[in-house]
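>>> Sequence unavailable; structure follows:
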């Protein structure tokens, strides 16, 4: 019978952001060579910091660290590797795991995987439990990032970002920062829009009736918009970790304007719809766009 052990640890998932694009840019052989090199360097950094590599899956490393501080140090080394190669995203969580057949199972694994999906390139995101186990020096590197309900959980938890670039102003200057309310757990989102016949209508989104698809095609989209700049299935709004998130998968992109007047362009990207604002399908939100979708939560 296979031996089974349980213990507390930090589970880490780290992967190369934009790897699919890299394969298109440089071809299979070269992309595979570069990604393999990055993965090998992350594995080396894991072992150097007293961690254990559980497995690698393509461009992703799964590892664990008995020490919360070692996990913090290793994750920063991952990002320094990313500065020299390709952006890396890291998600991790502290908690109890079951070790069996050289693999890990349990809620900490699920939480770390969920947090890794939230992280973007150049980001390290972790949980409250991990922060609570850090020494004072490392804990000071964390700042509140968001408050979410992780998969399988009914209670919201605070996530933190490790500010590994805090003193690198040049690195920060080329990033778009969208400020959000970290305590904003949304129960509903109201969309108001113009129908094909020119009349106004609205729809209230909840966790139970998402995702809602938006586009030109009335047969496949719950919210059909009569504008030629929209794709047949232009974008959809999903409910993820306590927030409504717009996911663009269109040809012309989607514009989102918030209540402060800031307008963000998305193309094959996603953005939480917090507070109130307006959405333009394939064209900017403005006086000449008659098919703007207004939203508020």
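Everything's here; your move. These figures come from a predicted structure and were not determined experimentally. Residues are numbered from 1 along each chain as shown.

>>> where's residue 116, which helix or strand?
Using DSSP states H and E, residue 116 maps to helix 107-118.

>>> Which strands border the next helix or strand after that helix, and is each parallel or antiparallel?
The C-terminal neighbour of helix 107-118 among helices and strands, as given by DSSP H and E, is strand 124-127. Sheet pairing for strand 124-127, assigned by DSSP bridges, gives strand 88-100 (parallel), strand 157-162 (antiparallel).

>>> deepest of these, which one?
Scoring the strands paired with strand 124-127 by mean neighbour count under mean count of other CB atoms under 10 Å gives strand 88-100 as the most buried, with a mean of 22. From N, CA and C alone the C-beta is placed, and that goes for glycine too.

>>> what angle sits between it and helix 107-118?
160 degrees (axes from the mean of the first three to the mean of the last three CA atoms, to 10 degrees).

>>> Show me what the mean pLDDT comes to for strand 88-100.
Across strand 88-100, the average pLDDT comes to 95.

>>> Which positions in the helix or strand following it come out as buried?
Using DSSP H and E, the helix or strand that follows strand 88-100 in sequence is strand 103-105. For strand 103-105, burial by neighbour count (16 or more other CB atoms under 10 Å) applies to residue 104.

>>> now strand 103-105, how far from the centre of its chain.
In this view, strand 103-105 has its centroid 23 Å away from the chain centroid, taken as CA atoms, centre = their mean, to the nearest Å.

>>> Likewise for stretch 12-26?
15 Å.

>>> can you check stretch 118-125 too?
7 Å.

>>> now stretch 89-97
Worked out by CA atoms, centre = their mean, stretch 89-97 lies 15 Å from the chain centre.

>>> Please apply the same query to stretch 66-79.
For stretch 66-79, the distance to the chain centre is 20 Å (CA atoms, centre = their mean).

>>> Let me see the residues that make contact with it.
Under the criterion CB atoms under 8 Å, 6 or more residues apart in numbering, residues 7-10, 12, 14, 42, 45-46, 48-51, 63, 65, 88, 90, 92, 94, 122, 124, 126, 130, 133-135, 138, 141, 162, 164-165 lie in contact with stretch 66-79.

>>> Which ones among these map onto strands?
Cross-referencing the contacts of stretch 66-79 against strands under DSSP state E gives 7-10, 12, 14, 63, 65, 88, 90, 92, 94, 124, 126, 162.

>>> Just the closest of those to residue 232, please.
Set against residue 232, the nearest of those by CB to CB is residue 88 (34.9 Å).

>>> Okay, and the beta partners of the closest residue to residue 233 other than its chain neighbours?
Once flanking residues are discounted, residue 233 sits nearest to residue 215: 4.5 Å by CB to CB, 6 or more residues apart in numbering. Residue 215 has the following beta-bridge partners by DSSP bridges: residue 224.

>>> wait, residue 215 sits on residue 221?
Yes: assessed by CB atoms under 8 Å, residue 215 is found in contact with residue 221 at 4.4 Å.

>>> any common contacting residues for these two?
Common neighbours of residue 215 and residue 221 (CB under 8 Å, 6+ apart) are 232-234.

>>> Now the buried members of the residues you listed.
residue 234.

>>> now the helices: where do they sit in the chain?
19-26, 28-48, 68-84, 107-118, 128-132, 136-139, 169-173 (DSSP state H).

>>> which residues sit against the shortest one?
This points to helix 136-139. 68-69, 72-73, 131.

>>> Give me the distance between the closest residue to residue 8 other than its chain neighbours and residue 125.
Leaving aside its sequence neighbours, residue 8 sits nearest to residue 96 (CB to CB, 6+ apart; 5.4 Å). Distance check for residue 96 against residue 125: by CB to CB, to the nearest Å, it reads 20 Å.

>>> nearest residue to residue 263 other than its sequence neighbours?
Nearest to residue 263 is residue 257, by CB to CB, 6+ apart, at 4.4 Å.

>>> shouldn't that neighbour be in contact with residue 271?
No: Residue 257 lies out of contact with residue 271 (CB under 8 Å); the separation is 11.3 Å.

>>> list residues touching both of these two?
residue 264.

>>> burial measure for the nearest residue to residue 225 once chain neighbours are set aside, as a count.
Distance criterion CB to CB, 6+ apart; nearest residue to residue 225, sequence neighbours excluded, is residue 291 at 5.2 Å. Residue 291 has 17 neighbours, counted by other CB atoms under 10 Å.
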